[in-house]
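**Q** attaching a predicted model along with its sequence, questions to come.
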Amino acid sequence: MFHPAFSFKLGYNVLPGRVCAGVFDGRHPCLACASSGGKVVLHNPHQGDDAVNNSAISLLNFNREITCLTAGSLDTSKKEAKDWLFIGTATSLNAYEVDNNRDIFHIEAPDGANAIALGRFNEESEPVVIIGGSCSIYGYNHAGEDTYWTVTGDNVSALAMAPVLNVDREHELIVGSEDFDLRIFNKDADMLHEFAQREAVTLLCALSGRSFAFALSNGTIGVLNSTTVAWSHKLKAPATSLAAFDVNLDGVPELVVGYASGGFDVRAPNTGDVLVQDKFDDPVAGFAVIDYRLEGFPSLIAVSTAGHARGYHALGTKEAAGFAQAVTVQGVDTARLQRLKQRKQDLLYQLKQMQDAKPELDDGSIALSRAQLSLGVKAVEGKGLQITATVDSGCTCTALILSGSSALFGTDAQAFHSTDNDASLTAFVIPPSLTSFTIEATALAGAGSTSTVFRALHGQLDLPQFFGLCPIATIDPLPLVKSALMVPAIAPVGTWLDQQLQLSAFATNTLTEPVFFRSVADDSSLSLQYSSGLLLLGSDSDQLVGDLTHALASQLSLKVVQVPDAVHRKQAAPAVSRRKTADAALAQSDPAELARLVAKDAAANPDDMKYLLTRIGDLHKARQRLSAEIADGSNLTKALLLRAEDHRLMGDIQCMKEAYSQLHAANRDLLTAYSIRSTNHEELVQSLKALNQVIQNTARLQPAGEARTIFVGGCRECIKANDMTALYALLQAATQSDETTV
């Protein structure tokens, strides 16, 4: 057990993941926790008679639901800089100076602030606070100026800064999003690497060196050492908080994981073995690491959602260092012993099954004991991924269970049954997007149609990112060429395609004639052609061609270049079905569907993109107008309430009734205005998400370097100025400069 050195109660509930600590007066540490109703609870152990005294508790009220919270200093001009408190909400970011009770800056964030991180990219750069919202990431300096901006694939759910790739001794920004991806960005907002995960990334935490920890929504936790997975474990209770704390004083911080079950443990960063652990009666809300009682060494502060806080010292601070080392060794041995016990139980269970089946041994049972499972998978146009499980030795495959990412199956697993008593069972799965997947298969094998004894056979399929591309004969109409890569030799590209598609058709193909593919995920088309040292990529999906361009450029070290003018340029008409779909979205006022169409292929839907940008501008104006109306309505409501109370005190019942009647009408109007504003906000979020995806996809198609930087910077300036007309012109120029027909 991990025994606390001190404990106290906050007296308020604490929201998960919104716990931090800072030195807000420049001298004394203080704990800050977000509570419901837009409140921040501050606990200062150096205020009042003792650390448990009620006078140590103070409240800050921001009147908005807090979505993220952190503390730190951005002002490096002072020798002893005070920490600031950074509060993120669904619509804003506040930098607050606790000691002087004043706002440093207030930033409106229409995309929201789902996650927050604070740090600097290198020793020369200024510190920034970075927030992630709906597909967008913003960074602000000490003056509230946005110095960093980029977009990502989906809603940002976690942020951290660490020297993951250690390029020029710089830190990178690690971004986790709801599209199951981890992305690494440098100081110039260029994406350096991308990891595909099984579930949405919920938590990130920088460890020592190039390592960082992550947690997924399905309960998986793990550590990545640069781009390599050091370990990962799937647990029953999902993680609610991560922290780095050197518990055994070896100079390397361990990983502290808090769970929704109320337990938390300290794990070895290189193996994931549990060293020490403790448990709350309520879910863990978060951790903070700081010298809380000014004892000369940091303490780990653990806080539960019920407001109970405990402080822990590193092992060896009060005991001998040898004891800490012994605990570490014991922890590693205990974890190894647990794995061996689990293996023993599995073997005993298999032995029991064999003993129970022994009286019925016949030719079928003998064949069943020797049966092996083989798995096959291929992409089938219009149907998805065809997964075939085959059992040999004359046995039958009666059921198949596929598990993996919940995005692939909708749940943790999906079962398929067969009544044909064949050796093979076929299942079709439609992936939501083109990304790498690991599918675990369990087949139930029987000795025959009348068999009462079955055997579970296990297998695994590791699918590359672009396995869902199905080769087809032709595409009508031909897709627009949107990207070009300089390819010195085409052979490595053909080999790479064969590895991705698990075929042997392109290693010897020179690609002088265009080859065509269809995505089984969203029915997008793709064309590839090699001409004059350039690989031309055409598609009706900006995201598909952007992902493929990025993968080829990063994995084969190819250079993205501008599509040459010599290639004949001709605008291909969009498919009738897609045009009808876009028109239907407009007619039905379905902003989500229209945003999805524009984000998929902005070039093929220029009118829709123009409408979307115009709509964003109108929504911004309506948002400001509605905010003013709600403020006026709120003031009117307060005035009518005071007027009604005055009439009641004077005994004027008739005037009091009239005032309350007017108050009722004003309150009804206020509720209506709030409902309209809420709908306006939801539509604005959907539209901005689509716009950010368009910018990300278009940026990937630009040549790396100055051209891409200029494009992203131009988009950023247009969004800051809310100039949708200039943004439309910029996007049109960028997309038209890349559009050609094969």
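**A** The structure has been received and is ready for your questions.
**Q** now do the helices in this structure.
**A** 321-357, 363-369, 406-409, 491-501, 542-555, 576-587, 591-600, 606-650, 653-700, 706-720, 724-736 (DSSP state H).
**Q** report the angle between the axes of the longest one and helix 724-736?
**A** Note on geometry: by axes from the mean of the first three to the mean of the last three Cα atoms, to 10 degrees, helix 653-700 and helix 724-736 are set 20 degrees apart in direction.
**Q** so G144 touches D103, yeah?
**A** No. Applying Cβ atoms under 8 Å as the test, G144 and D103 come out as separate, 9.7 Å apart. Every C-beta, even on glycine, is put in place using the N, C-alpha and C of the backbone.
**Q** out of the helices of the chain, which is closest to A113?
**A** helix 653-700 (12.7 Å; Cβ to Cβ).
**Q** give me the more crowded residue out of G144 and D103.
**A** For G144 and D103, the more surrounded residue by other Cβ atoms under 10 Å is G144, and the numbers stand at 15 against 12.
**Q** skip the chain neighbours and tell me the closest residue to that one.
**A** F105 (3.1 Å; Cβ to Cβ, 6 or more residues apart in numbering).
**Q** burial count for that neighbour?
**A** Neighbours of F105 using other Cβ under 10 Å come to 17.
**Q** just S675 next, same as before
**A** S675 - counted by other Cβ under 10 Å - has 10 other residues nearby.
**Q** check what pLDDT the nearest residue to I430 once chain neighbours are set aside gets.
**A** Once flanking residues are discounted, I430 sits nearest to G384: 3.7 Å by Cβ to Cβ, 6+ apart. Looking at G384, its pLDDT reads 85.
**Q** pretty sure G384 sits against P432.
**A** No. Using Cβ under 8 Å, G384 makes no contact with P432, being 10.6 Å away.
**Q** what about these two, which has more around it?
**A** G384 (17 against 13).
**Q** below-threshold pLDDT in the stretch 101-250 of the chain: ranges please.
**A** Across the stretch 101-250 of the chain, the ranges flagged by pLDDT under 70 are 166-168.
**Q** ok, how many other residues are close to P477?
**A** P477: 13 neighbours (other Cβ under 10 Å).
**Q** how much space between it and N101?
**A** 64 Å (Cβ to Cβ, to the nearest Å).
**Q** repeat for G263
**A** 38 Å.
**Q** beta partners of S232?
**A** Judged by DSSP bridges, the bridge partners of S232 are G222.
**Q** ignore the last one, R267
**A** L255, V274.
**Q** quick one: residues contacting it.
**A** Going by Cβ atoms under 8 Å, 6 or more residues apart in numbering, R267 touches 254-257, 273-275.
**Q** could you rerun that using 10 Å?
**A** 213, 221, 223, 231, 233, 247, 254-257, 273-277, 331, 335 (Cβ atoms under 10 Å, 6 or more residues apart in numbering).
**Q** narrow the residues you listed to those that are buried.
**A** 213, 221, 223, 231, 247, 254-257, 273-276, 331, 335 (16 or more other Cβ atoms under 10 Å).
**Q** S134: which of the residues you listed is nearest?
**A** Among these, and counting by Cβ to Cβ, the member closest to S134 is A213, at 25.1 Å.
**Q** who's that closest one bridged to?
**A** Those that pair with A213 in a beta bridge, by DSSP bridges, are C205, V223.
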